[in-house]
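# got a structure for you, letters missing:
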């Protein structure tokens, strides 16, 4: 199924980029988006499953598993003169924040969508565990 991540309100910083990080591979970034872009959108292939604790959640190439449950890392990087990326902080889109009824509807529809802002109150990249109400989860 599809997990669509939509970031808005980027910090307006041209020398940085944000991207989804591959599981256990901090240097492997999916579609970096410059910090001065109007929006950031990523589409991930995920699979619904039930974990050992009986919780319904998602897994996939870009889904991490750690303390606090499963999540997707959004990696903030400085862009070097050579075009290379150097991570300086990350955010966690927590999958435990998906309301159960939205999760079930998303599985039925084959898609989930997460929408949230990418700038904190100080005008910097958001570096937090992203959960509702900061994240709006919808099915389809």
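It's in. Since the structure is predicted, the reported quantities are computational estimates derived from the model, not experimental observations.
# lowest-pLDDT helix or strand in the chain?
Every helix and strand of the chain was ranked by mean pLDDT, DSSP states H and E. The lowest is strand 64-66, at a mean of 92.
# Can you tell me what sits against that strand?
For strand 64-66, the external contacting residues (C-beta atoms under 8 Å, 6 or more residues apart in numbering) are 21, 23, 24, 59, 70, 71, 72, 73, 92. Yep, even glycine has a C-beta here, placed from its N, CA and C like the rest.
# Ends of stretch 88-100, what's the gap?
This stretch, stretch 88-100, spans 33 Å end to end (C-alpha to C-alpha, to the nearest Å).
# Parallel or antiparallel, which strands does the least confident helix or strand of the chain pair with?
strand 69-79 (antiparallel) (DSSP bridges).
# Same question for the partner strand: list its buried residues.
For strand 69-79, a neighbour-count test (16 or more other C-beta atoms under 10 Å) marks 69, 70, 71, 72, 73, 74, 75, 76, 77, 79 as buried.
# Now do the second one, the pLDDT please.
Residue 70 is assigned a predicted lDDT (pLDDT) of 95.
# picking that back up, tell me which residues in the least confident helix or strand of the chain are buried?
Buried-residue list, strand 64-66, by 16+ other C-beta under 10 Å: residue 64.
# hmm, back to that, nearest to residue 86, out of the buried residues of strand 69-79: which one, please.
Distance to residue 86, by C-beta to C-beta, is smallest for residue 77 among the buried residues of strand 69-79, at 5.9 Å.
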